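Trainee: generate coordinates for the sequence data below:
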Amino acid sequence: MPATKKPMRYGHTEGHTDVCFDDSGSCIVTCGSDGDVRIWEDLDDDDPKSINVGEKAYSCALKNGKLVTAVSNNTVQVHTFPEGVPDGILTRFTTNANHVIFNGDGAKIAAGSSDFLVKVVDVADCSQQKTFRGHDAPVLSLSFDPKDIFLASASCDGSVKVWQISDQTCAISWPLLQKCNDVINAKSICRLAWQPKSGKLLAVPVEKSVKLYRRETWSNQFDLSDNFISQTLNIVTWSPCGQYLAAGSINGLIIVWNVETKDCMERVKHEKGYAICGLSWHPTCGQIAYTDAEGNLGVLENVCDPSGKMSSSKVSSRVEKDYNDLFDGEDTSSAGDFLNDNAVETRSFSKRIINDEEDDDDLMLASGRPRQRSHILEDDENSVDVTMIKTGSGFLKEEEEDDQAGSIHNLPVVTSQRPFYDGPMPTPRQKPFQSGSTPLHLTHRFMVWNSIGIIRCYNDEQDNAIDVEFHDTSIHHATHLANTLNYTVADLSHEAVLLACESTDELASKLHCLHFSSWDSSKEWIVDMPQNENIEAICLGQGWAAAATSALLLRLFTIGGVQKEVLSLPGPVVSVTGHGEQLVIVYHRGTGFDGDQCLGVQLLELGKKKKQILHGDPLPLTRKSYLVWLGFSAEGKINSFILNDLFFCWYIGTPFYVDSEGIVRMLNRGLGHTWTPVCNTREHCKGKSDHYWVVGIHENPQQLRCIPCKGSRFPPTLPRPAVAVLPFKLPYCQTATEKGQMEEQYWRSVMFHNHLDYLAKNGYEYEASTKNQAIKEQQELLMRMLALSCKLEREFRCVELADLMTQNAVNLAIKYAARSRRLILAQRLSELAVEKAAESAATQAEEEEEEEEDFKKKLNAGYSNTPTEWSQPRLRNQVEEDSEDTGEADDIEEKPEIHKHGENPFFKSVNSSDMPAIKSGAVTSSNQGRINPFKVSGNSKEPSISVNSVRSTNILDNMNKSSKKSTALNRATNYEKSPVIKPLVPKPKSKQASAASFFRKRTSQADRTEELKEENPKNPSSETPAMCPQNTENQRPKTGFQMWLEENRCNILSDNPDFSDEADIIKEGMVRFRVLSTEERKAWAAKAKGGSASDGAEEKKRKRVVDDSHETENQKEKTKENLNLPKKQKPLDLSTNQKLSAFAFNQE
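Mentor: Okay, here's the model as predicted:
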């Protein structure tokens, strides 16, 4: 199979880098221009051991536990391996040493320097040195003969020399290279190499080929080259068996040849085209480690065959050829009728491949197509299956002698055939982890890093402790804890620190909580898990803690240590996280295949109303990736209150998670709890081995807080890593264009503000300015997209965009279309605006019905038989008639506060002793500062402006010339409350006709009202007389919007004098009505219901008392009475109306 190239990773700073394996191949050792030697367990080792050997390290070699380095201080040093303890200096030069190597048994080293000298030094006794003089320029590279007889060297003087070690003489010299004056200016470092074991061939990279020279005769046996080599070769290395030769070029190409057949076996191109300056073959398997001139480290796996045999493809081809030779011409021709086409094609391919040294693509094709000989040969006990030969080629006997190199290898005898599975392979399950933690094997590690603080763990010879640090020191001071129980996982919240440890032979697995926010003196508790049950993941929420165990259980506790529910998990846990009342659990749903994990997720709410949001849904991950971070957006405190000296608050966040490919996904609450990718951290990484380690996420402002890790997946504990902030970006198409950018910004704004609708739906409070700003931003983006679509003459797209707009934005779109002379578009948008207005009216009506039902339920639930203020209609109506504006304002300010504390919203005072008695005839002031409701206002000439949003009278009875001013003041008063704005949801347009017809009937009444105002210009405080009872009886039930429009019609007409059509007035009124807060709209709805009942009572009163002959005088009396009446009044029952009527019209 072809070689597998793993992504390169950061190893050292930019500059020349060298690489080698240790004797067993368990470690990769690199050195670079940063002066460090790093020991890697494998390419995925994110925490390699580092040894500083000097300012710069040019070359390294490792043998027998001795690490030798050529350092920039002109010395060759020795360190112990793997401890890295300095073990002396072997030799010195007058300038830098460029290359250092070990001989076969590790007893000697050879070093070449820029002072033209080559030295061979005994490792055990560095005084035993031999110096080789003869080069006229800096030495580039060296290579020991495996038999320790010769030493080869290459130099900047263009020569390659072979030295006799014993007498220090030059055996042969070839002028092969381009001359230069220094290593930096050399076109190639010419890292030559002797063939292992026999040492019969010396490989020298020269230009675009590798020259191989025969030992002792020093003749050029042959050259190895390839058509794909376009730049000079820099370095060569042999496989341990001596059969394969790998070479790296200055443009990043790695070529592997089979020296025996001269076939090119592998071609691998560097992902960025950097020069290959380090190349080392694994001592036991088919793996090559390589480094480039930028300090990066890479690995090739499954390279050819490691143990000295030919690759499986070549063995297969040769075996097929041998089988073909078993048949002579007649047999082959006679058997042609029985052979299928595939067998014939396979034979022709095999014949051609043996004679073709370069076409390795066809070689792979042939090796993957087994020959079908079962049609003409019957299996017996000595039968050999070609497929089994291919899979078992690793067991072929190694040929050591050159004269046997061309012979046929012994084949294994297969007596039985096993079925071979060639389908997708299962993926190992991901182990449990704690979000924000670094690997467990590190001595200094982060146990957790989140938006609250940091927990570090130190476990070395000097100390075994845990440090807890808070970002906000006002929460709690930093804490130092002894880690005697070897805690492995931790979590941190505003309330507590949670720790857990694994079980041992003597101790059970423990859950330890440090409840630092507790008001009592006992701030710690520990719970032991049952036997053979280990805690694998933990998390903290608001008032609770959770622990997932190896027994597939999720155990819940209160923050004080009381055990709560125990849940069974559907599979082994991967990670858990909590925030506020929410708990997210990720577990294995099953076994993944081909590198994919099969994970499921559950989302629970653990508040008073416990419910499950996500029911084990699959967790989407990028192909061949795994989960690396799970958490919530840190939105902080949403709402709070104090009850019985205890502080309570809610913390609301949205679940997020990150996979190993750097994709950040967010739970989209506005689209059925689906997961949406919102960022790709890999786009911000400079190198493939760089990563971002996520520590926190914020939705408002939109921030992804993470730590950049160069050449690693996680940061070190020291020095303290710096946190970077990355922006969110949805993966939309064509984001380089203006259209794509605006689409991405709009939908990102919509999605990131869905949590505000979630808060409103669940009864939480939030700042209305946040929602208003988001709506404003979204509508501006829609208008810009509409303008762009108009320029592109995409009018249908314009209507689609307008459907996403608010009513006001649609009106602006109509004006824009009209000014752009797109009349058809303007007409379409006008129709859309009318539909939106009708839908809003229908929605408002349905909301009013729902509010009325809720009002009745709350009213029934809040009534009692006690003589409360609400249970006395007579006294209540007396208060209504004589109360002034300040009393009404105090009333409206008290109600929300009481409701916020969770008490009865209809019970105005706390102590029943403050409530009026049934026969008292007056209302005393309550402990909350009620004003005397019978007090007459000093400014009686001015019309009273009621802010009460519950009671009302007929709106036409209270209209006067200053209605515009009073309405504006009323609206300003309501804006001071900073209400929560809820967008109206469009509904069917069935009620548009009825609404329009209702307002047409009112037109004449409004005109009569204006005439009455003109007749009395001298009296600014006089009010419009009430309508006649006949008209009142004929009118239909009014909605809150209709009553609001009647009162504000004059304002609309004065602001828009060009409005002549009733539909325009309704449309503009609908826009203004939607701007009102929820409380104001509810007030108008209640006013409409109360007003209709009050009108009926007034009609009966007038029929009973008013005389036809005294109608004018009674109207004047009624006008006087209306000066002291509030605009908002509760419906009155019959008996109360009779008594109040007599009281109102009999006093002269």
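Trainee: residue 466 is in contact with residue 501, isn't it?
Mentor: No. Look at residue 466 against residue 501 with Cβ atoms under 8 Å: they stay out of range, at 11.2 Å. (C-beta placed from N, C-alpha, C; glycine too.)
Trainee: so for these two, which residues contact both of them?
Mentor: Jointly contacting residue 466 and residue 501 under the rule Cβ atoms under 8 Å, 6 or more residues apart in numbering are residue 487.
Trainee: dump the residue contacts of residue 566.
Mentor: If you count contacts by Cβ under 8 Å, 6+ apart, then residue 566 has 553, 554, 555, 556 around it.
Trainee: likewise for residue 664?
Mentor: Taking Cβ under 8 Å, 6+ apart, one finds 656, 657, 658, 677, 678, 679, 680, 681, 694, 697, 704, 728 in contact with residue 664.
Trainee: also residue 581?
Mentor: 541, 542, 605, 606, 607, 650.
Trainee: now it: closest residue in space that isn't a chain neighbour?
Mentor: Nearest non-adjacent residue to residue 581, counting by Cβ to Cβ, 6 or more residues apart in numbering: residue 607, 3.9 Å away.
Trainee: give me the pLDDT for that neighbour.
Mentor: According to the predicted model, the pLDDT of residue 607 comes to 84.
Trainee: can you tell me the SS state at residue 813?
Mentor: The three-state label for residue 813, taken from DSSP: H, G, I helix; E, B strand; the rest coil, comes out as helix.
Trainee: how many residues are close by it?
Mentor: 27 (other Cβ atoms under 10 Å).
Trainee: surely it and residue 798 touch.
Mentor: Yes. Applying Cβ under 8 Å, one finds residue 813 in contact with residue 798, separated by 7.4 Å.
Trainee: if I look at the residue nearest to residue 581, how far off is residue 582?
Mentor: Using Cβ to Cβ, to the nearest Å, residue 607 is found at 9 Å from residue 582.
Trainee: ok, residue 20 next?
Mentor: 52 Å.
Trainee: ok, residue 592 next?
Mentor: In terms of Cβ to Cβ, residue 592 sits 27 Å off from residue 582.
Trainee: which of the residues in the helix ranked longest in the chain are buried?
Mentor: Ranked by number of residues, the top helix in the chain under DSSP state H is helix 823-862. Of all the residues in helix 823-862, those buried under the rule 16 or more other Cβ atoms under 10 Å are 825-826, 828-830, 832-845, 847-848, 851, 855.
Trainee: please indicate which of the contacts of residue 581 are buried?
Mentor: Using 16+ other Cβ under 10 Å, the buried ones in the contacts of residue 581 are 541, 542, 606, 607, 650.
Trainee: next, count neighbours for residue 736.
Mentor: 7.
Trainee: tell me the secondary structure at it.
Mentor: coil.
Trainee: and it, how close does it get to residue 250?
Mentor: 34 Å.
Trainee: same check, this time on residue 585
Mentor: 53 Å.
Trainee: more crowded one of the two?
Mentor: Neighbour tally, residue 585 and residue 250, criterion other Cβ under 10 Å: the higher count belongs to residue 585, 27 against 19.
Trainee: hang on, isn't that one packed against residue 602?
Mentor: Yes. Contact criterion Cβ under 8 Å: residue 585 and residue 602 qualify, at 4.6 Å.
Trainee: just to revisit the earlier point, quick one: which of the contacts of residue 566 sit in helices?
Mentor: Using DSSP H, none of the contacts of residue 566 sit in helices.
Trainee: just the buried residues of those.
Mentor: 553, 554, 555, 556.
Trainee: skipping its backbone neighbours, what lies nearest the first one in space?
Mentor: So that's residue 553. residue 566 (5.9 Å).
Trainee: ok, the third one next?
Mentor: With Cβ to Cβ, 6+ apart as the criterion, residue 555 has its nearest non-adjacent residue at 4.9 Å, and that residue is residue 547.
Trainee: helices or strands up against the helix or strand hosting the one you found?
Mentor: Secondary structure from DSSP states H and E places residue 547 in strand 544-549. When contacts are defined as 3 or more Cβ pairs under 8 Å, 6 or more residues apart in numbering; DSSP states H and E, strand 544-549 sits against strand 510-514, strand 535-540, strand 553-558, strand 573-579.
Trainee: parallel or antiparallel, list what pairs with it.
Mentor: strand 535-540 (antiparallel), strand 553-558 (antiparallel) (DSSP bridges).
Trainee: who touches it?
Mentor: 432, 496, 498, 500, 509, 511, 513, 529, 533-540, 554-559, 564, 569, 573, 576, 578, 583, 585, 606.
Trainee: just the angle between that strand and strand 573-579, please?
Mentor: 180 degrees (axes from the mean of the first three to the mean of the last three Cα atoms, to 10 degrees).
Trainee: strand 544-549 to strand 510-514, inter-axis angle?
Mentor: Using the same axes, to 10 degrees: strand 544-549 against strand 510-514 is 160 degrees.
Trainee: using CSV, write down the CA coordinates of strand 544-549.
Mentor: What follows is strand 544-549, C-alpha atoms only, in CSV (Å, rounded to 0.1, in the frame of the first residue of the first chain):
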residue,chain,number,x,y,z
TRP,A,544,-26.2,21.4,42.1
ALA,A,545,-23.3,19.1,41.2
ALA,A,546,-23.1,16.0,38.9
ALA,A,547,-20.8,13.1,38.5
ALA,A,548,-20.8,10.5,35.7
THR,A,549,-19.3,7.2,36.7
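Trainee: low-scoring stretches of the stretch 201-350 of the chain, by residue?
Mentor: For the stretch 201-350 of the chain, the stretches with pLDDT under 70 are 305-350.
Trainee: would you map the strands across it?
Mentor: For the stretch 201-350 of the chain, applying DSSP state E, counting those that start in this stretch gives strands covering 201-206, 209-214, 220-224, 233-238, 244-249, 253-258, 263-269, 276-281, 288-292, 296-301.
Trainee: surely residue 116 forms part of a strand?
Mentor: No. Counting by three-state DSSP, one finds residue 116 to be coil, located in no strand.
Trainee: just checking, it touches residue 137?
Mentor: Yes. Using Cβ under 8 Å, residue 116 makes contact with residue 137 at a distance of 6.5 Å.
Trainee: mutual contacts of these two, please.
Mentor: Joint contacts of residue 116 and residue 137 (Cβ under 8 Å, 6+ apart) are residue 155.
Trainee: got the domain boundaries for the chain?
Mentor: 4-301, 496-638+647-738, 767-845 (the TED database).
Trainee: and the end-to-end length of the second one?
Mentor: It refers to domain 496-638+647-738. Its first and final residues considered, domain 496-638+647-738 spans 48 Å by Cα to Cα, to the nearest Å.
Trainee: repeat for the longest one
Mentor: Using Cα to Cα, the end-to-end distance of domain 4-301 comes out at 5 Å.
Trainee: low pLDDT regions in the stretch 651-800 of the chain?
Mentor: Using pLDDT under 70, the stretch 651-800 of the chain drops low at 651, 763.
Trainee: let me fix that, I meant to ask about the chain.
Mentor: Ranges of the chain meeting pLDDT under 70: 1, 305-419, 635-651, 763, 858-1037, 1091-1148.
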